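Novice: build me a model:
(2 chains)
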Amino acid sequence: MELRADFPLLANNPGLHYLDSAATSQKPQVVLDALRDFYETANANPHRGVYSLSVRATECYHQSRARIAEFLGVRDSDCLIFTRGTTEGLNLVAWSWGMANVEAGDEIVVTGLDHHANFVPWQVLAMRKGAKFRICELTPDGRIDLDFLSGLLNERTKVVAFNHVSNALGTINPIAEIARLVREKADAILVCDGAQSAPHFPVSFDSLGVDFYAFSGHKMLGPMGIGGLIGKREMLEEMPPYQTGGDMIEFVHDERTTWNILPLKFEAGTPNAANAVGLAAAVEYLDNIGMDRVLSHERALMSAAQKRLAAIEGLHIYGPPPSERSGVLSFTLGDVHPHDIATILDGEGVCIRAGHHCAQPLMRRLDVTATARASFYVYNDESDIDALVAGILKAREIFGYVPV
Amino acid sequence: MSPARSSAEIGALYQEMILDHYRRPRNKGTLENPDASVEIKNPLCGDEIGLQVAFDGDSVSDLKFSGRGCSISLASASMMTQLVKGKHRTEIDAIRNEFRNLMIGSNSAGENDRLGSLRALSGVARFPARVKCALLAWNALESALALK
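Specialist: Numbers count the residues shown, from 1 in each chain, chains lettered A, B, ... in the order given. Okay, here's the model as predicted:
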């Protein structure tokens, strides 16, 4: 795939090797154009005005929802709630469903692989409610230990939260198997953090077997500040609003208020219509490539990178083999701190993430404070791997190799 | 502005002295009877530094540090312990201020330069994302002095 020219930031910086798409992706021209086009031709407050321009803004907003729902395999597009991103989507479930349904003595299960966004809200909820917060441990190569999970589940389990793909290691979790286990042994909701799956391979919510799935637009070529939460209709209908205010009401009496229907019940305030339009353009772009091709492209890059990095003395790669990972490669190099690796790579024009990846519970389980992480997307190619390898060798040259 | 760094800047950052203090840290460990004990974390990377200080009146008679971190944070901690040992707190405050200025790029070396080996860290000023690493130990020291 030769897509670099579609991305202005990359096209304008030929020496730049962007390998941090797991943090945020670059944006293609078509997404930037869609944003601009909305503001230039359709900008008004959706749902508010009787005038045609506001009607057009409303249409743009809901057509975008329908387009994104189609992309993610959601037949009932009103069950796709726009949020600021995955973090807000997960907090929405924890605060709305969780506060209404979790009682003292209940149990909430997360995993050692979770991002803080799918860990902390549940930890806080458990503390508020006097529920038990239980963490599913991992296999040595960084997968959810299904036997351990099975042992955690019981009739008190109310929530099982996990990620589809680990942002820190790239592990693709067996979502169907997890869902089957949970349905068999507990009466719990399944909450899936999809931040790292929606951008990288075909996802069809209706056949995932989970109750909630949250994702971020900015990691899938869309703008920052837009994402979504998809939920099952019967659950969303039952849940109390997460935030209250304009747009989400049916009628405001002096004493009480009734709620608007889905999805508006969960979208208080002026909606982020322009970014919804931008995200719809992003999924259109991804569909034109084909999500199967996105997956195979990343797989090919990952295997190539894995081979070359594994050959560097002192370099340790975390997580399962590349065939079971999405486009993430997490590594350490001898006793060189990942921050130092990232700074030296920066000198070679290579952007990688170094740190705990918002997954401190995982870092403790791996017994490291941080790792270096290279992540791939549609616009990367072999030359990015060349630059990555050259940068790592440079780090070794500066620091020498001292085994840990 | 180019979105990436030049390798000259990288060279200026990773000076021999920094690598030496990283690999052979001075005053690393713990004191038996510290007067003040502080632990602080860098939320950016999860690194942490523990600092233990013994006082003799208003002077630091001994100090040791522990923890995990990058070359910049550990070298800074190591050099700091060497430099402040035996000094009066007012002098330490002055050094700390000078070092902070160096880190934001506004310091020029004068005749009475108090920073000594810490000048090896001057390249950090060009890397705003790493300034926190260099200041971690100094922030710990500031907290320890406040405990006294």
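Novice: so what's residue 54 scoring on pLDDT?
Specialist: As the question left the chain open, I've gone with chain A. For residue A:54, the model assigns a pLDDT of 94.
Novice: wrong one, chain B
Specialist: On the pLDDT scale, residue B:54 gets 97.
Novice: and the spatially closest residue to it that is not a sequence neighbour, its phi and psi?
Specialist: Distance criterion Cβ to Cβ, 6 or more residues apart in numbering or on different chains; nearest residue to residue B:54, sequence neighbours excluded, is residue B:62 at 4.4 Å. C-beta: built from backbone N, CA, C; applies to glycine. Backbone torsions of residue B:62, given as degrees, to the nearest 10, read phi -160, psi 150.
Novice: what is the neighbour count of residue B:62?
Specialist: 18 (other Cβ atoms under 10 Å in any protein chain shown).
Novice: cool, and residue A:2?
Specialist: Other residues close to residue A:2 by other Cβ under 10 Å number 7.
Novice: would it count as being in a strand?
Specialist: No. Using DSSP: H, G, I helix; E, B strand; the rest coil, the assignment for residue A:2 is coil, not a strand.
Novice: from chain B, how far out is it?
Specialist: 21 Å (Cβ to the nearest Cβ, to the nearest Å).
Novice: for that residue, what are its contacts?
Specialist: residue A:381 (Cβ atoms under 8 Å, 6 or more residues apart in numbering or on different chains).
Novice: looking at it now. What's its pLDDT?
Specialist: At residue A:2, the pLDDT value in this model is 89.
Novice: quick check: chain neighbours aside, which residue is closest to the most centrally placed residue in chain B?
Specialist: Centroid check for chain B by Cα atoms, centre = their mean gives residue B:76 as the closest residue, at 3.4 Å. The shortest distance from residue B:76 to any non-neighbouring residue, by Cβ to Cβ, 6+ apart, is to residue B:134 (4.6 Å).
Novice: just checking, the residue nearest to residue B:54 touches residue B:85?
Specialist: Yes. If you go by Cβ atoms under 8 Å, residue B:62 and residue B:85 touch, sitting 6.6 Å apart.
Novice: quick one: name the residues of chain A near chain B.
Specialist: A:9, A:13, A:15-16, A:336-340, A:343-344, A:346-351, A:354-356, A:360, A:363, A:369-370, A:394, A:398-399, A:402 (Cβ under 8 Å from any Cβ of the partner chain).
Novice: which of the residues you listed fall in strands?
Specialist: Mapping these onto strands (DSSP state E) picks out A:350-351, A:354-355.
Novice: out of those, which is most surrounded?
Specialist: Busiest of those [other Cβ under 10 Å] is residue A:350, holding 27 neighbours.
Novice: so residue B:136: helix, strand or coil?
Specialist: helix.
Novice: any idea which element the closest residue to it other than its chain neighbours lies in?
Specialist: Spatial nearest neighbour of residue B:136, chain neighbours left out: residue B:73 (4.8 Å); criterion: Cβ to Cβ, 6+ apart. Secondary structure from DSSP states H and E places residue B:73 in helix B:71-84.
Novice: and for residue B:94?
Specialist: helix B:89-103.
Novice: that helix packs against which elements?
Specialist: Applying 3 or more Cβ pairs under 8 Å, 6 or more residues apart in numbering or on different chains; DSSP states H and E, we find helix B:89-103 packed against strand B:59-68, helix B:71-84, helix B:128-147.
Novice: what's that helix in contact with?
Specialist: So helix B:89-103 is contacted by B:58-60, B:83-84, B:87, B:107, B:114-115, B:118-119, B:121-122, B:124-125, B:131, B:134-135, B:138, B:141-142, B:145, B:148 (Cβ under 8 Å, 6+ apart).
Novice: if you count neighbours, what's buried in that helix?
Specialist: Across helix B:89-103, burial judged by 16 or more other Cβ atoms under 10 Å in any protein chain shown covers B:92, B:95-96, B:98-100, B:102-103.
Novice: one step back: from what I can see the residue nearest to the centre of chain B touches residue B:136, true?
Specialist: Yes. Assessed by Cβ under 8 Å, residue B:76 is found in contact with residue B:136 at 7.2 Å.
Novice: quick one: the strands in the stretch 151-300 of chain A?
Specialist: Using DSSP state E, counting those that start in this stretch, the strands assigned to the stretch 151-300 of chain A run over residues A:157-163, A:189-193, A:212-216, A:227-231, A:249-252, A:257-259.
Novice: pLDDT on the third one, on average?
Specialist: Translated: strand A:212-216. For strand A:212-216, mean pLDDT rounds to 98.
Novice: which residues does that strand contact?
Specialist: Counting by Cβ under 8 Å, 6+ apart, A:72, A:83, A:85-87, A:89-90, A:93, A:97, A:164, A:189-195, A:197-198, A:203, A:205, A:227-232, A:235 sit against strand A:212-216.
Novice: how about residue B:28: what's its closest non-neighbour residue?
Specialist: residue B:65 (6.1 Å).
Novice: and what of residue A:150?
Specialist: residue A:181 (5.7 Å).
Novice: any idea how far residue B:143 is from the residue nearest to residue B:28?
Specialist: 13 Å (Cβ to Cβ, to the nearest Å).
Novice: compare the two (neighbour count), which wins?
Specialist: A direct count of neighbours by other Cβ under 10 Å for residue B:65 and residue B:143 places residue B:65 higher, at 28 against 16.
Novice: ok, that one - contacts?
Specialist: Applying Cβ under 8 Å, 6+ apart, the residues near residue B:65 are B:25, B:27-28, B:49-52, B:77-78, B:81, B:137, B:140.
Novice: could you redo the last one with a cut-off of 10 Å?
Specialist: B:25-30, B:38, B:49-53, B:73-74, B:76-78, B:80-81, B:136-137, B:140-141 (Cβ atoms under 10 Å, 6 or more residues apart in numbering or on different chains).
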